[in-house]
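J.: here is the input, now give the coordinates:
(chains A and B)
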Amino acid sequence: MTATAFADTTSGRSGVGLVASVQDLSIHFQTKTGMLHAVDEVSFDIRDGETLGLVGETGCGKSVTARAFMRLVATPPGVYAGGRIDFWSSETRAAGGGPVNLLTIPEDEMLGIRGNRIAMIFQDPGKALNPALSIGDQLAEVFYQHRSDELLDPLGPGTPAVVRRAARQEATRVEKILLKVPPLRSQANRVKAAVDDRVAAALADTQIPNPGKIMDRYPHELSAGMKQRVLIAQALACDPDLLIADEPTTALDVTVQARILELIAELLDRHDTSVLYISHDLALVRGMCDRVAVMYAGRIVEIGLTEEVFSDPLHPYTRGLMNAVPSSAHRRGALTAIIGSVPELIDPEPSCRFNTRCPYAAGVCRRLDPRFLRHTLEHGVVCHAHDDPAALAARPDEMPSFARVDDAR
Amino acid sequence: MQIRDYLIRRLMVLPILLIGVSIIVFTLTRIGGSPIGIYLSHEMTPEEVEQLEERYGLNEPLPVQYLAWAGGVLSGDLGWSGVAVAPVTAVFGDKLTATMELATAAGIVAVTLGITLGTFAGSRRDRLPDHLTRVFSVSGSSMPDFWFAILLLIVFWVYLGWFPIGRSDPAIWASIAHPTGLYTVDSLMAGSWQALRDAIWHLILPAMTLGLATTAIITRMMRSSLVEELNEDYVDAARAKGLPERLVLKRHARRNALIPTVTVIGLSFGFLLQGTVVVEILYQWPGMGRWLADAVLRGDQATIMAYVLFTSVLFLTVNLAVDIIYAYLDRRVVLGS
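T.: As a prediction, the model looks like this:
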C-alpha cells in the first residue's frame, strides 16, 4: 500500500450492497522502453443497481480497467501487476457464497461469468460483430454457452448425448453431420427452435422491428444504430449482474446516439443491472450516472455522487474538464483547454501525474504521490491541495493552493 | 438462395471466358512458330513444304484457321501430336490422369498442412511454434523445386532406397485394371492393398516436392491473416460472450482468416500445374508436364495448344470453385455485386 492507494469505503466492506469491488488494481504493459503503468492502484466499488461513470480522456486507462473485469487484457504485453477485483454474482449470492476475485479464478469459471454475469457493450458496433456470421448465429452463441440446460430441459432426460453436446457447442464435425439426419434431426431442430425463440425475444427487447427477419441478416446489412441494438441485446441476453458499457455511443451519429441512450436507460431500469459506464463525455455521464469516478493517467483522481462532483469539483483536472465542455453558463470564447498532454506512463517516479499540466502545481506535487482524501461521506479526491502539509512533512510554501493562484489571475 | 443465384451468374460468364482464352491460346501459339515446323527437314523440296502448308490450311487467313481449330476442338479433335506420334486425344487421357493424381495429392497436402500450420502459428504469435513455422515457410517458398527434388532423390532414392521413382511398379501395375487412370483410386476399386501401397509410395516424393512451395505460401498467408483477425474487436466480443478459446479461434477468427487464404489457394493452383513440368521430368512421372516440355522443345503446336487450353479451363474452374467458397465464407461478396 502506498500513499495513493485508497479504499472506496463509502459503501462499506461487508459486500452487502456491492456487485463489484476493485482494490489497488494495477495493470502494466511491457514495452521496449520499460513498464507502462496503464492502470495504477485503482480502487472503486460498484454498488448494487447503480450506474457508475468512469470518465477520462483517451489513454487514461479506463478501457483497460473495464477489460480487466472480463480478464480480456492481452497478456503479454499486459501484466496484471497487483490488486484484485471482487465480484458478487447473483448466482453465488443466491447459494450463500461470497465474492470471487476475477483476476485469479480459473479460466473455466471465468467463461461462466463472461457474457452471463458480466457483459460488455463495445465502443464500435461495426467492429464488434463478426462479419461472416448472421445476427441470429451470433446471438445464439450466448444462449448455447450459458443456457444449454434450459434449452435441453423440454427434451426430457432421455436426450441423446450428441444433442446435449451440440447444445453446449461441443459437438465435433462428425457429430454435427449426424445431427442433420434422422432420427437426431428432429431433436436438434427443437433445440434450434428454442434458441431462435430466445434470440427473437432478446432482439425484440431492444425494440428492433421484425426480429425474426433481422436474425437471418448479416452485420453489413444493418445500420450502426441497429448493430448497437443487436450488441445490447446480446449483452443483456443472460440478464447480467454487471454491464460494462465502453463508450457505447461514441461511434454513432448524434441522432442515433440519443435514441440508443434512451434505450439503454430504459433497459437498465427494467433489468435492474449495475453498470460501469465508460465515457469521455461529461454531459452524458451527468445524465446517465449515479456516481462518477474521474480517471487521469492510470489513476482515479476524484470519485463521488454525480451532483457533488459536478457542483463542487475538487481536483484541478476535473475542473479543467468541466471548463473544456461548452454549456449555457459559459460566455462565448470562455472555454479553456487543459494545457499540455497526458504524461509518459513508463516507469513513473512518485509524483502527482497531473503536475505537468496543473495550474496549481507546487513542490510537493513533483515529489510525492498524492493520497486519497475524503471530502464528504461520498466525495473523495486525490490531490495535495486538499491535504495537510504536516501529514506530508512539507513546508507550507511547497503546498499547492487554489486560492493563491486564482487570486493572482 | 442468394448463393445459388450467384453461382448461376458466374456459370453464365464461363463460356465467354473460354472463348477468350481459346483465341489467346491460338494467337500466341501461332506467333510462337509454324505448326508444320516439327515436320520440316532439310531434304524437303519447296513443293513438299507448300503441300504441307496447304494441308494445314496455312494459306487461309488467321481467323479462318482459328475457326478450323476451334471447330476441331469442339468435335473432339485436338490434332496430331508429333511428339507422341499419335492423335493428341489418344494420349491426352493417360497424361492428364497422371498429372491430376500428382497435383491433387500435392494440393491436398498443401491446403491441409498450410491451413493447419498457419492456424497453429498465427494463434501462437511470436512464440516458438510461430518462429519455427516462419523458418519453414520462408525456406519452403524460396527453395527451387528442382533442387529440392534432387536433394530428396539423392537421400531417399539413391542412398536410402526407401522410395522408388516413376509412377508404378510394372508388375503391380499389370495386376489390376485401370478404369479411372488414377492409380490410387484404381487400386481401391480393385481392393488391392499392394497396388495402393505402390501407388502411394510412388506419389510421396513428387507430391512433397510439388506441394512444398504451395504449402509454404498458404501457411504464410493463413498465419498473417489469422494474426490480423485475432486483433479485431469481434474476437474480443466473442470472448466477452464467454466462448471458450477453441470456438473463438475456430468459428470466429479462423473463418474470417480463411477468406484471403482461399484466394491464395486458388491462385497457387496455377503454380502447382506449372511445377509439374520440373517435377515430372525429375521423377520420371509420365504426365502432361513432361509431355509439354518435349512438345515445346520440338515445336509440337497441337500438343502445346491442347495443354494450354486445358490448363486454362482447369484454372478457370478452380477459381470458380474458389469464388463459390469465398461467397460462402463472406456473404458480402454475394450481395455486393
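J.: which stretches of the chain form strands?
T.: I'll assume chain A. For chain A, applying DSSP state E gives strands covering A:18-31, A:34-47, A:51-55, A:78-87, A:100-101, A:118-121, A:242-246, A:274-279, A:291-296, A:299-305, A:372-374, A:380-382.
J.: chain B is the one I meant
T.: B:80-81, B:86-87.
J.: how about B:Asp77, nearest residue that isn't a chain neighbour?
T.: Closest residue in space to B:Asp77, ignoring its immediate chain neighbours: B:Thr89 at 7.0 Å, by Cβ to Cβ, 6 or more residues apart in numbering or on different chains. Using the backbone N, CA and C atoms, a C-beta is placed for each residue, glycine as well.
J.: then A:Ile105?
T.: Nearest non-adjacent residue to A:Ile105 (Cβ to Cβ, 6+ apart): A:Ile113, at 7.9 Å.
J.: what's near enough to touch the one you found?
T.: A:Phe87, A:Ser89, A:Val100, A:Leu102, A:Ile105, B:Gly242 (Cβ atoms under 8 Å, 6 or more residues apart in numbering or on different chains).
J.: from A:Leu178, how far out is the nearest residue to A:Arg190 once chain neighbours are set aside?
T.: Of all residues not flanking A:Arg190 in the chain, A:Leu155 sits nearest, at 6.2 Å (Cβ to Cβ, 6+ apart). Distance, A:Leu155 to A:Leu178, using Cβ to Cβ, to the nearest Å: 16 Å.
J.: just the pLDDT at the spatially closest residue to B:Phe310 that is not a sequence neighbour, thanks.
T.: Nearest non-adjacent residue to B:Phe310, counting by Cβ to Cβ, 6+ apart: B:Leu96, 7.4 Å away. Looking at B:Leu96, its pLDDT is 88.
J.: same question, the one 3 residues further on
T.: Each residue has a pLDDT score; the one for B:Thr99 is 90.
J.: quick one: contacts for it?
T.: B:Thr99 sits in contact with B:Leu273, B:Thr276, B:Glu280, B:Trp285, B:Gly287, B:Met288, B:Gly289, where contact means Cβ under 8 Å, 6+ apart.
J.: narrow those to those in helices?
T.: Counting by DSSP state H, these place B:Leu273, B:Thr276, B:Glu280, B:Met288, B:Gly289 in helices.
J.: what's the burial count for the nearest residue to the second one once chain neighbours are set aside?
T.: Right, the one you point to is B:Thr276. Excluding the flanking residues, the one nearest B:Thr276 by Cβ to Cβ, 6+ apart is B:Gly289, at 3.6 Å. Look at B:Gly289: counted by other Cβ atoms under 10 Å in any protein chain shown, it has 24 neighbours.
J.: B:Gly289 reaches B:Tyr283, doesn't it?
T.: No: using Cβ atoms under 8 Å as the test, B:Gly289 is too far from B:Tyr283 to be in contact (10.2 Å).
J.: what's the closest of the strands of chain A to A:Leu314?
T.: strand A:380-382 (3.9 Å; Cβ to Cβ).
J.: average pLDDT for that closest one?
T.: Computed over strand A:380-382, the average pLDDT equals 87.
J.: now the residue nearest to A:Lys180 when sequence neighbours are not counted: how far from chain B?
T.: Distances taken as Cβ to Cβ, 6+ apart put A:Ala188 closest to A:Lys180, at 7.6 Å, once the chain neighbours are dropped. Noted for A:Ala188: a distance of 17 Å to chain B, by Cβ to the nearest Cβ, to the nearest Å.
J.: pLDDT wise, what is A:Ala188 at?
T.: 80.
J.: I'd say it and A:Ala171 touch.
T.: No: contact between A:Ala188 and A:Ala171 fails when scored by Cβ under 8 Å: they sit 9.4 Å apart.
J.: who touches both of those two?
T.: A:Leu179.
J.: surely A:His28 touches A:Gly78?
T.: Yes: contact between A:His28 and A:Gly78 holds when scored by Cβ under 8 Å: they sit 7.4 Å apart.
J.: the two: which has the busier surroundings?
T.: Neighbour count, other Cβ under 10 Å: between A:His28 and A:Gly78, A:His28 has more, with 23 against 19.
J.: how far away is the more buried one from chain B?
T.: Between A:His28 and chain B the computed distance is 19 Å (Cβ to the nearest Cβ).
J.: B:Val109: what's it in contact with?
T.: Contacts of B:Val109 by Cβ under 8 Å, 6+ apart are B:Ala207, B:Met208, B:Gly211, B:Thr215.
J.: please read the previous query as pertaining to A:Ala140.
T.: Here A:Ala140 is in contact with A:Val195, A:Asp196, A:Val199 (criterion: Cβ under 8 Å, 6+ apart).
J.: and if we set it to 10 Å?
T.: A:Leu133, A:Ser134, A:Leu151, A:Gln169, A:Lys192, A:Val195, A:Asp196, A:Arg198, A:Val199, A:Ala202, A:Met215, A:Ala237 (Cβ atoms under 10 Å, 6 or more residues apart in numbering or on different chains).
J.: contacting residues around the second one?
T.: So that's A:Ser134. By Cβ under 10 Å, 6+ apart, A:Ser134 lies in contact with A:Ala140, A:Ile214, A:Met215, A:Asp216, A:Arg217, A:Tyr218, A:Pro219, A:Glu221, B:Arg331.
J.: just give the nearest non-adjacent residue to B:Ile218, would you?
T.: Nearest one to B:Ile218, counting by Cβ to Cβ, 6+ apart, is B:Gly114 at 2.7 Å.
J.: surely that neighbour meets B:Met222?
T.: Yes: checked against Cβ atoms under 10 Å, the pair B:Gly114 and B:Met222 is within contact range at 6.1 Å.
J.: intersection of neighbour lists for these two?
T.: Taking Cβ under 10 Å, 6+ apart as the criterion, B:Gly114 and B:Met222 both touch B:Ser137, B:Thr261, B:Val264, B:Ile265.
J.: against chain A, how distant is the second one?
T.: In this case it means B:Thr261. B:Thr261 is 13 Å from chain A, by Cβ to the nearest Cβ.
J.: quick one: B:Leu316 and B:Leu18 touch, right?
T.: Yes: contact criterion Cβ under 10 Å: B:Leu316 and B:Leu18 qualify, at 7.1 Å.
J.: just the pLDDT for the residue in the stretch 251-400 of chain A that chain B sits nearest to.
T.: Ranked by Cβ to the nearest Cβ, the top residue of the stretch 251-400 of chain A for proximity to chain B is A:Ala251, at 10.7 Å. At A:Ala251, the model reports a pLDDT of 78.
J.: next one: A:Ala5
T.: 37.
J.: ok, B:Pro179 - contacts?
T.: If you count contacts by Cβ under 10 Å, 6+ apart, then B:Pro179 has B:Val185, B:Asp186, B:Met189, B:Ala190 around it.
J.: the same query, at a cut-off of 7 Å, please.
T.: Neighbouring residues of B:Pro179 by Cβ atoms under 7 Å, 6 or more residues apart in numbering or on different chains: B:Asp186, B:Met189.
J.: what about chain A: which of the contacts of B:Val109 touch it?
T.: Among those, not one lies near chain A by Cβ under 7 Å from any Cβ of the partner chain.
J.: where does the chain dip in pLDDT?
T.: Going with chain A. A:1-16, A:326-335, A:340-343, A:408-409 (pLDDT under 70).
J.: chain B was what I was after
T.: B:1-2, B:333-337.
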